[in-house]
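S.K.: based on what follows, work out the 3D shape:
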Amino acid sequence: MIPAPAPDPAPGSGATQAAPGAGPEVATLVDSSIFVFRAWFSRGEQPDAQGRPGGAVHGFAHSLCQWLPTIPAGPVAFAFDTSLRSGFRHRIYPAYKAHRPPAPEALRAQFQRIRAILDCLGLAQLAHPEFEADDLIASLAATARVHGCRVEVLSADKDLTQVILGSEDRLRDPERGTMLSRADIERRLRIRPEQVADMLALAGDRSDNIPGLAGVGASTAARMLRRFGDLDAILADPAAIRHCRIRGAARIAEQVAAAGDALRLARRLTGLVTDIAGLPGWGRMYPRGPQPGAVERLEELGVTVGYSQRLPAIADALHRRSPEAPVGIRP
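M.R.: As a prediction, this is how the structure comes out:
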């Protein structure tokens with residue numbers, strides 16, 4: 001994984017200690033946008049009680065009611081994207097995600113209300129003008145490991161397989177009932193999570209408008225990485241690719257020899273940043289419980305009456321069953 005342009009200071013000492021026999025705490029890191037977009041595409045501009053477009057808010061509230069009670073006790077953080085046109089990737093490669101249309105105004109307004117809903121429930125939510133939600137999740141996961149937590153990421157994004165480094169870490173989609181461990185990822189992709197960014201640089205990533213090498217797909221890239229280890233080793237000796245048992249090995253060797261700078265740039269785009277500076281203290285990741293007047297505030301934000309009653313109760317239960325932040329890492 002790549003370092004951030006401005007590294008954060010070294011984390012403080014004092015790892016979280018779980019109770020004897022309880023195992024490590026679980027840090028739940030949510031890729032929020034995937035659940036918001038699912039709600040948006042299924043409910044569109046369905047109006048809320050105040051006549052505003054509210055389908056995404058309603059769908060996200062429904063999702064929270066479905067799976068928030070199932071997450072393990074421990075730190076919880078929701079990551080959002082606000083950097084798709086302003087972040088460092090777009091500056092170093094203007095074509096990055098340039099094929100994606102901007103979010104409609106009706107959806108952008110609902111994103112803001114959804115973030116306010118999480119604040120109202122006492123749940124940490126983060127965004128950054130330079131970095132994407134995936135980077136925030138990768139950085140929080142690195143901090144979680146410093147504090148002795150295992151990591152559970154809620155998403156279906158292939159890029160986040162890079163975060164599943166520990167044997168007990170999980171990538172889970174609670175709405176579709178899927179869950180991948182490190183071993184599952186290695187079996188499915190036939191590479192280690194640490195090699196995913198290199199694979200995407202070699203094969204390209206159409207969803208992010210990263211071209212990759214002509215004629216090299218994920219399978220071929222994985223075979224190259226299993227032989228050489230990483231992209232740096234491939235770039236150090238392109239001629240050695242000719243000896244790989246892959247279709248078009250000579251042609252691919254020539255491409256790699258000619259495209260070293262492009263592949264290094266692609267690797268900066270596909271790798272996740274693990275040391276973003278200035279994030280809230282780890283103690284702020286623990287559920288704090290709903291704010292006073294949460295029911296009324298949720299209804300102002302467009303949450304329907306049934307969900308406005310249930311969500312504060314769920315948030316309160318999560319707060320009560322989650323341990324407090326250890327003294328050494330309180331906010």
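S.K.: which pLDDT value goes with the spatially most central residue of the chain?
M.R.: Geometric centre of the chain, nearest residue: Asp134, 3.4 Å, by CA atoms, centre = their mean. Predicted confidence (pLDDT) for Asp134: 97.
S.K.: ok, then the element right after the helix or strand where it lies?
M.R.: Element membership for Asp134 (DSSP states H and E) is helix 133-146. For helix 133-146, the following helix or strand on the C-terminal side (DSSP H and E) is strand 150-154.
S.K.: what angle sits between that following strand and helix 133-146?
M.R.: 160 degrees (axes from the mean of the first three to the mean of the last three CA atoms, to 10 degrees).
S.K.: show me where the protein has helices.
M.R.: Counting by DSSP state H, one finds helices in the chain at the ranges 32-43, 55-67, 88-92, 105-120, 133-146, 182-189, 196-203, 218-228, 231-236, 249-258, 260-270, 294-300, 305-321.
S.K.: where does this structure have low pLDDT?
M.R.: 1-23, 83-84, 324-331 (pLDDT under 70).
S.K.: okay, the helices of the chain in CSV with distance to Ala73 next?
M.R.: Backbone N, C-alpha and C define where each C-beta goes, glycine included. Formatted as CSV, these follow (distance: least, CB to CB, whole Å):
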stretch, distance to Ala73
helix 32-43, 20
helix 55-67, 15
helix 88-92, 35
helix 105-120, 18
helix 133-146, 14
helix 182-189, 22
helix 196-203, 29
helix 218-228, 37
helix 231-236, 39
helix 249-258, 48
helix 260-270, 33
helix 294-300, 20
helix 305-321, 5
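S.K.: for Ile276, find the nearest of the ones you listed.
M.R.: Closest to Ile276 of these is helix 133-146 (CB to CB; 4.3 Å).
S.K.: ok, residues contacting the closest one?
M.R.: 1, 4, 8, 11, 15, 27, 29, 31-33, 75, 77, 79-81, 126-128, 131, 150-151, 153, 155, 157, 159-160, 162-163, 165-166, 169, 272-276, 279, 282, 285 (CB atoms under 8 Å, 6 or more residues apart in numbering).
S.K.: OK, contacts around Ala79?
M.R.: Counting by CB under 8 Å, 6+ apart, Ala79 has contacts 29-32, 125-127, 133-134, 136-137, 140.
S.K.: need the max-distance pair from the residues you listed.
M.R.: Gln125 and Asp134 (15.4 Å).
S.K.: still on that earlier bit, mind checking how far the residue nearest to the centre of the chain is from Asp208?
M.R.: 10 Å (CB to CB, to the nearest Å).
S.K.: overlap of the contact sets of those two?
M.R.: By CB under 8 Å, 6+ apart, no residue touches both Asp134 and Asp208.
S.K.: count residues in the vicinity of Arg247, would you?
M.R.: Counted with other CB atoms under 10 Å, residues neighbouring Arg247 total 11.
S.K.: swap that for Ala61, please
M.R.: 24.
S.K.: and for Val273?
M.R.: When neighbours are counted by other CB under 10 Å, Val273 comes out with 25.
S.K.: just Pro69 next, same as before
M.R.: 14.
S.K.: show the contacting residues for it.
M.R.: 314, 317-318.
S.K.: Leu68 now?
M.R.: Leu68 touches 311, 314-315, 318, counting by CB under 8 Å, 6+ apart.
S.K.: check what contacts stretch 206-219 and list those residues.
M.R.: Here stretch 206-219 has contacts from 93, 95-100, 189-190, 199-205, 221, 248, 251-252, 255-256, 259, 262-263, 266, 269-270, using CB under 8 Å, 6+ apart.
S.K.: many thanks, we can stop here.
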